[in-house]
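*Asks:* structural data only, the sequence is not supplied:
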Ligand SMILES: Nc1ncnc2c1ncn2[C@@H]1O[C@H](COP(=O)(O)OP(=O)(O)OP(=O)(O)O)[C@@H](O)[C@H]1O
């Protein structure tokens, strides 16, 4: 703290303990929760495969023996329960709300696990939606979770802001697709992450190519990718390039994403393990 501190952080830019404390809006998780690492999955717009990447990352880390969880913060477009084929509803008791376990033991909380019908639209205003996401963090009992993946709502609106301010996110992964204005999206994500003081773990390019099952050739359906140049401009890693694969969309539709085959996320898994290990040292 500066000797001249008048506790008026708004008019002072010093990076001191008072300022940092005053600007820390992080909420504590439920007292019975224990969450080691929280990874936010973001995208610039909807439909690029953010929920799919979130699901596959959780499955990958679960296969490696980590207890994983998904907090579905995409309140108005929750697609996680469907990808995992979850039909049951979340139950609560006097202590709090329990996540629903998938067949392989991944803990999930999503607004669709609370609504009477999956098809009921969520017609709520921003502050209500943000409040629900916060409650998914504070009122759900997340027991012994190694990696929690947060499926963020697309963009940089009210809800992502609340998530980043109220949940201590350890890092974010940005999902893009080749047809997007990738450069702009990545630059925005980098700036947002800087503002929120959260490291970007790297980029995942979804729908990168289509591999012909007859000739084995890779076709760039959405044109050439620029992800590598953009990543190096920002000093970021490209974590994975995921093909367009009808088997993947079929797995999501049938609720069997836990059975996906492919090694696309093996290198991301190593990076996540390193993040976990650095804390143990
Ligand atoms: N690489 C892929 N191959 C085949 N299908 C895919 C692929 N990526 C995504 N899809 C399909 O595209 C649809 C949209 O994906 P997803 O729900 O993950 O997008 P999203 O970015 O989370 O969208 P929103 O933010 O609007 O919820 C899903 O039906 C998914 O199965």
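*Replies:* Structure received. Nothing here was measured: the structure is a model prediction, and the numbers come from that model. Numbers count the residues shown, from 1 in each chain.

*Asks:* what bridges to the residue nearest the centre of the chain?
*Replies:* With distances taken as Cα atoms, centre = their mean, the chain has residue 41 as the residue nearest its mean C-alpha position (2.6 Å). Counting by DSSP bridges, residue 41 is bridged to residue 151, residue 173.

*Asks:* wait, doesn't it sit right on residue 153?
*Replies:* No: using Cβ atoms under 8 Å as the test, residue 41 is too far from residue 153 to be in contact (10.7 Å). From N, CA and C alone the C-beta is placed, and that goes for glycine too.

*Asks:* residue 155: which element?
*Replies:* Counting by DSSP states H and E, no helix or strand carries residue 155.

*Asks:* how far away is it from residue 86?
*Replies:* Taking Cβ to Cβ, to the nearest Å as the criterion, residue 155 is separated from residue 86 by 26 Å.

*Asks:* out of those two, which sits in the busier spot?
*Replies:* residue 86 (21 against 16; other Cβ atoms under 10 Å).

*Asks:* got a list of what the residue lying closest to the more buried one once chain neighbours are set aside touches?
*Replies:* Distances taken as Cβ to Cβ, 6 or more residues apart in numbering place residue 100 nearest to residue 86, at 5.5 Å, with adjacent residues excluded. Taking Cβ atoms under 8 Å, 6 or more residues apart in numbering, we find residue 100 in contact with 81, 86, 88-90, 107-109, 113.

*Asks:* now for those residues: which two are most distant?
*Replies:* 89 and 107 (14.6 Å; Cβ to Cβ).

*Asks:* ok, those two, which is more surrounded?
*Replies:* residue 107 (23 against 12).

*Asks:* the more buried one: what's it in contact with?
*Replies:* Neighbours of residue 107 in contact, by Cβ under 8 Å, 6+ apart: 67-70, 99-101, 142-143, 145.

*Asks:* and those, which of them are in helices?
*Replies:* Among the contacts of residue 107, none falls in helices (DSSP state H).

*Asks:* what score does the residue nearest to residue 86 have for pLDDT?
*Replies:* We note a pLDDT of 96 for residue 100 in this prediction.

*Asks:* report the beta-bridge partners for it.
*Replies:* Applying DSSP bridges, one finds that residue 100 bridges with residue 108.

*Asks:* what distance do you get for it to residue 139?
*Replies:* When residue 100 is compared with residue 139 (using Cβ to Cβ), they lie 15 Å apart.

*Asks:* again, but for residue 131
*Replies:* Taking Cβ to Cβ, one finds residue 131 at 11 Å from residue 139.

*Asks:* what's the end-to-end length of stretch 75-92?
*Replies:* 19 Å (Cα to Cα, to the nearest Å).

*Asks:* show me the contacts for residue 278.
*Replies:* So residue 278 contacts nothing (Cβ under 8 Å, 6+ apart).

*Asks:* now do it against the ligand, distance only.
*Replies:* 29 Å (Cβ to the nearest ligand atom, to the nearest Å).

*Asks:* please give the element, helix or strand, for that residue.
*Replies:* helix 266-280.

*Asks:* okay, the residue of the chain found nearest the ligand: pLDDT?
*Replies:* Scanning the chain for the residue nearest the ligand gives residue 46, at 2.9 Å (criterion: Cβ to the nearest ligand atom). Residue 46 is assigned 74 on the pLDDT scale.

*Asks:* go ahead and confirm it touches residue 154.
*Replies:* Yes: applying Cβ under 8 Å, one finds residue 46 in contact with residue 154, separated by 4.4 Å.

*Asks:* tell me which of those two has more neighbours.
*Replies:* Per other Cβ under 10 Å, whichever of residue 46 and residue 154 has more neighbours is residue 154, with 19 against 13.

*Asks:* wasn't residue 249 part of a strand?
*Replies:* No: remark: residue 249 does not belong to a strand; assigned using DSSP: H, G, I helix; E, B strand; the rest coil, it is helix.
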